[in-house]
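# Give me coordinates for this.
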Amino acid sequence: MSTAPNPHFAQPARPRMFSRPWHRYAWAPVPLLSMSLLACLPFIVAAYRGVVSWWIAGAYTACSATVLGFAIVQPKVNGWFAVAVWALMITAVVHVFLLDRDDPGSKTYK
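Here you go, the predicted model:
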């Protein structure tokens, strides 16, 4: 039996989000420095480049808008606001780092 990959089942390589390794570290602080208001920005750029689907960018945009709306509407800041902001910031930073993860098991590993 041949060990050559079947070209009919080969998936096209996913485009890269970051052209240099330091770009990942430049994009990651965006959600932290903006207090999660710009958490959607790296994912909008990634969707534009074809790295992720547009629904992911839309989900992050909706979450950022929800946090902003929650901050505007709440006259007094309660504990849930801090939890929502920190959860969105941490999730966004982790996902930015995972955008171009080099996984040895993936088909795009070089």
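# Would you mind measuring from A39 to S19?
Distance from A39 to S19, counting by C-beta to C-beta, to the nearest Å: 22 Å. The way it works is simple: take the backbone N, C-alpha and C, and place the C-beta from them, glycine included.
# Those two: which has the busier surroundings?
A39 (25 against 8; other C-beta atoms under 10 Å).
# how much space between that one and V30?
Counting by C-beta to C-beta - A39 and V30 are separated by 7 Å.
# and if you look at V77?
With C-beta to C-beta as the criterion, V77 and V30 are 23 Å apart.
# Comparing the two, which shows the higher neighbour count?
Using other C-beta under 10 Å as the criterion, V77 and V30 rank with V30 on top: 20 against 11.
# The more buried one touches S36, doesn't it?
No - with contact defined as C-beta atoms under 8 Å, V30 does not count as touching S36 (9.7 Å).
# Show me whatever sits in contact with both of those two.
Residues touching both V30 and S36 by C-beta atoms under 8 Å, 6 or more residues apart in numbering: none at all.
# Which stretches in this structure count as helices?
Assigned by DSSP state H, the helices in the chain fall at 21-27, 29-33, 41-49, 54-73, 79-97.
# With A13 as the reference, name the closest of those helices.
Comparing the helices of the chain against A13 with C-beta to C-beta, the closest turns out to be helix 41-49 (13.1 Å).
# Show me the shaky parts of this protein.
For the chain, residues meeting the criterion pLDDT under 70 lie at 1-12, 75, 102-110.
# hmm, try it at 90
1-25, 28, 31-37, 66-86, 97-110 (pLDDT under 90).
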